[in-house]
Every structure is written in C-alpha cells, then in structure tokens.
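[1] okay, sequence plus prediction incoming.
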Amino acid sequence: MRRYNWKKILTRTLWLLLGIGAIVLLGAAMQKKDSKPCADIKIEITGATRHMFIDEKDVREILHSMGKITGNAISTLDLRAMESVVEKNPWVSNAEMFIDNNQVLQVRIDERQPVARVFTLEGNSFYVDSGLLRLPLSDKLSARVPVFTGFPSDKSILAKPDSALLWNIVKLGKYVLTDSFWMAQVAQIDITPQSDFEMVPVVGDQTVTLGNAEDIDKKFGRLYTFYQKAWLQNGINTYEKLDVQYDKQVVAIRKGAGKAWVDSARAREAVKSLLQNAHAGITDSAVVPANPVPIIPKPVKDTVKTKTPAVTNNITNKKPLSKGKKSTAKKGKATKAKAVMEKK
C-alpha cells in the first residue's frame, strides 16, 4: 500500500495558492494603475554636454502631436509608438518611455552630438556626428565644432570615395574637438581636390598641409613642436606654408625676402593667448552667435625652387632670416619634430 506524504502535498498546495493569489493581485493592481490618468510628463535629455539641438519643449510638442497625454488613462498611451515618433527627429539617437508609480510619464532622450560642420562645393552645409549621420542645421543654435569646406557631394546617398572622405572628416573633427588648444587655433580645414586636408589657423596667415587623416595625432604633434620652436623664434608671419604630412619632419616655406620679417614677441603673445583661452575653457562654449561663414583662403603661389637640407637637432636654418640677422644651430637633443626642411 502506497503511503502519501500529506504534509509535503499540503505545503506545495499552499505555495501554489499563494503564487496564484499574488498573480491575481498584481494583475488587479496593474489594471487599476492603467485605469488611472497620466499625471505629468518628465523629460530627461542626455548626451548634450556641449549642445542642445532638441530641448524639453521640442519633445513635448512631438508627444502632443500624437494627442493629449496628461489626464488620459495610462492604458490609452502607446509608449512604443510614441518612442518611434520621437526617434524620427534627426537629433534623437534613442528614446525610452515608461510610467512610474506616481503615474508620471518618464521620457529619456539621448541626443546626437555633432563632431564637425561641413560645407559642400555647392554652398550647402550640414553637421555630422561620430556615426557618420548627417544632421541638419538648427535655427536656434550653431555648434562650435571644427569647420570643413569643399566637400564634393550633396547627394543623400554618397559614393564610396565620398563616404570614406566623410569618415576621415569625422576622425579629424573628433581629434580637434577634444583638444582645447587646436579648437582655439584651427579656423577651418579645407578639403583639396585630392581629398586631403589643409588647415587655416586662427593665429598666423599661412596654410598648413595635413595630407590624409592617418596618424593625425603625430602630425599635430609635429606642428605643435614647430610652434614652440621655429615659429616663436622666427616670427608669426615668416612662413607662407607649412607641411606636416611627412613622418618626423616639418616642411616650412618662407615668404619672399622682401616680405620676411621677425616678430617673435608677437608670436609668443599669440600662442600664450591661445593656451590661456584653452585652459580657461573658453573653447567649451556651447554655441557661437550665428551660422559662421567659412574662411576661403587665397591660393598660395609657391615660387620656391630650392630647399635647404633637413636639420635634425633644432628647428632652424643657417641662412639669414632677415637682413642683418642670422640664426645659429645649437647642439642638443632632438625635438619631437626630428627633422625640418625649410624652403626660402
């Protein structure tokens, strides 16, 4: 005769009944909550550490375009559909919504962040974020991001070379954007017909050839070393063109003999001002007054036909910098830019 463990059976039955009761009560509570009206809307926008191209007012207008929310029963709100509508805004990368225990609609928005502003050859302009998404301009704000000119295409679907160029723009823009000194010194970056880059500085009237976007940190490092050495020693307007695209060297092309002049004091003050502004956080300003007009530099006529040998210790040239003045090469350890070629 089979014997039953009635105590174990009774215990399991009680637990089963308790579980069913909890589910019933939870369902009733949820049904009661869904029948309550939505009390309020709370909006939180993240990712906007520098810019606010979509604000709380914009989000509320998008939500209310779908109908009344506050005062209506929670059960009538289609949160998934509301998320999809908000995410159609180009400045929104992600939207999440839920109802809390106080019947408040919580809205969490992740805003896209531009890393560059691009001007096309046709004169149009757009922002681009780190995911290569092209973003429209805003009537409210203008982001302080690196400016690129001469992008070859306005098409919505880019050809493979143009997509690669846009990726290089993002790479270069992100580098400049995260460095306060270069954000203060870079006025704009021009795109050449060969899809290379030329920088137009804020201080100084020379152009700086960067080449492609490979090893961009090393290129800017060589340029910074040049600013600290030869540029400060020889003057702010001594050179008409700098080229940092070659490994471990800077090619500096002097202006004509009649135009060359030494103004190292002015150069030191200019660089000092840039450094002070950068450290003070001035370059972290969220916006600039209006849509900036790109600076289109005049073509540089390179009439130089000779070049001096590279100097591997100090950035200098043994030939006269100006009438009656000579520069001397001092012995010492190699600087970061180990070789400099200078054309006169």
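    Structure received. Numbers count the residues shown, from 1 in each chain.
[2] make it CA atoms for all contacts and neighbour counts henceforth
    Noted.
[3] what ranges does this structure have for its strands?
    40-46, 92-99, 104-111, 114-120, 125-129, 134-135, 147-151, 186-191, 197-201, 207-211, 239-243, 249-254, 339-343 (DSSP state E).
[4] possible to save those as a markdown table with distance to Met66?
    Below are these laid out as a markdown table (distance: least, CA to CA, whole Å):
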| stretch | distance to Met66 |
| --- | --- |
| strand 40-46 | 14 |
| strand 92-99 | 15 |
| strand 104-111 | 15 |
| strand 114-120 | 28 |
| strand 125-129 | 28 |
| strand 134-135 | 24 |
| strand 147-151 | 37 |
| strand 186-191 | 42 |
| strand 197-201 | 46 |
| strand 207-211 | 50 |
| strand 239-243 | 56 |
| strand 249-254 | 59 |
| strand 339-343 | 64 |
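[5] of all those, which lies closest to Asn72?
    Minimum separation from Asn72 across the strands of the chain (CA to CA) falls at strand 40-46, 10.4 Å.
[6] for the closest one, list the C-alpha coordinates in PDB.
    What follows is strand 40-46, C-alpha atoms only, in PDB (Å, rounded to 0.1, in the frame of the first residue of the first chain):
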ATOM      1  CA  ASP A  40       2.500  64.500 -15.700                       C
ATOM      2  CA  ILE A  41       5.400  64.200 -18.200                       C
ATOM      3  CA  LYS A  42       9.000  64.300 -17.100                       C
ATOM      4  CA  ILE A  43      11.700  64.700 -19.800                       C
ATOM      5  CA  GLU A  44      15.400  64.000 -19.400                       C
ATOM      6  CA  ILE A  45      17.900  64.700 -22.200                       C
ATOM      7  CA  THR A  46      21.300  63.100 -22.000                       C
END
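[7] that strand - contacts with which helices or strands?
    helix 56-64, strand 104-111 (3 or more CA pairs under 8 Å, 6 or more residues apart in numbering; DSSP states H and E).
[8] so which of these is the most surrounded?
    Using mean count of other CA atoms under 10 Å, the stretch among the helices and strands packed on strand 40-46 with the largest mean neighbour count is strand 104-111, at a mean of 20.
[9] give me the angle between that one and strand 40-46.
    20 degrees (axes from the mean of the first three to the mean of the last three CA atoms, to 10 degrees).
[10] now the angle between helix 56-64 and strand 104-111, please.
    For strand 104-111 against helix 56-64, the angle by the same axes, to 10 degrees is 120 degrees.
[11] now do strand 104-111 and strand 92-99, the angle between them.
    In terms of direction (the same axes, to 10 degrees), strand 104-111 departs from strand 92-99 by 170 degrees.
[12] what segments of the protein are helices?
    Under the criterion DSSP state H, the chain carries helices at the ranges 6-35, 56-64, 79-87, 160-177, 180-185, 216-226, 232-234, 264-279.
[13] got those helices as TSV, with mean pLDDT and distance to Pro146 columns?
    Putting the helices of the chain into TSV (pLDDT from 0 to 100; distance: least, CA to CA, whole Å) gives the following:
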stretch	mean pLDDT	distance to Pro146
helix 6-35	71	49
helix 56-64	92	26
helix 79-87	94	26
helix 160-177	96	6
helix 180-185	93	7
helix 216-226	94	15
helix 232-234	76	25
helix 264-279	60	15
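[14] JSON lines please, covering these and showing distance to Leu133.
    Formatted as JSON lines, the entries for the helices of the chain read as follows, by distance: least, CA to CA, whole Å:
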{"stretch": "helix 6-35", "distance to Leu133": "38"}
{"stretch": "helix 56-64", "distance to Leu133": "21"}
{"stretch": "helix 79-87", "distance to Leu133": "14"}
{"stretch": "helix 160-177", "distance to Leu133": "10"}
{"stretch": "helix 180-185", "distance to Leu133": "22"}
{"stretch": "helix 216-226", "distance to Leu133": "22"}
{"stretch": "helix 232-234", "distance to Leu133": "40"}
{"stretch": "helix 264-279", "distance to Leu133": "28"}
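[15] nearest to Phe119, of these?
    helix 160-177 (11.6 Å).
[16] from the contact counts, what lies against that closest one?
    If contacts are counted by 3+ CA pairs under 8 Å, 6+ apart, helix 160-177 sits against strand 114-120, helix 180-185, helix 216-226.
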